[in-house]
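Undergrad: this is the structure alone, sequence omitted:
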């Protein structure tokens with residue numbers, strides 16, 4: 001049987017809301033709309049005892065986990081972009097030369113003169129153009 005993350009998450013939140021309403025001697029929510037109403041009530045100050053902030057500890061833990069995932073994703077993306085800017089030959093300097101006619105942007109100013117063929121596609125280089133990233 002296939003369960004998506006979204007359906008699992010909604011079922012989990014329904015169970016949480018049901019447990020909270022049973023503890024407060026209320027009728028448990030049965031649908032997503034009921035659960036949304038319970039959340040609004042909790043956030044507006046009509047929360048059950050022990051939930052002064054309007055969020056359960058599991059909801060806060062879930063939000064923290066999502067923030068951590070987002071931060072690690074951004075860090076990986078940042079690292080990938082930094083590596084993309086480095087010379088593919090020496091991996092020390094930033095890329096700064098475009099080869100004509102192929103247009104590959106893969107080497108720094110120091111490594112480019114040593115090539116007669118593009119290091120990426122092996123096309124004969126007619127000229128090399130110095131470029132600047134702004």
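TA: Now that the structure is in, tell me what you want to look at. What you see is a predicted model, and the numbers here were worked out from it, not measured in a lab. Numbering: from 1, shown residues only.
Undergrad: now do the buried residues in the top helix by length along the chain.
TA: Assignment by DSSP state H gives helix 57-85 as the longest helix of the chain. Judged by neighbour count using 16 or more other C-beta atoms under 10 Å, the buried positions of helix 57-85 are residue 59. Where C-beta positions appear, they are placed from N, C-alpha and C, glycine not excepted.
Undergrad: what's the mean pLDDT across it?
TA: For helix 57-85, the mean per-residue pLDDT is 83.
Undergrad: next SSE after that helix?
TA: Following helix 57-85 in sequence order, the next helix or strand is strand 97-100 (DSSP states H and E).
Undergrad: average pLDDT across that following strand?
TA: Averaging pLDDT along strand 97-100 gives 94.
Undergrad: can you list contacts of it?
TA: Strand 97-100 is contacted by residues 104-109, 112, 115, 118, 123, 125-131 when judged by C-beta atoms under 8 Å, 6 or more residues apart in numbering.
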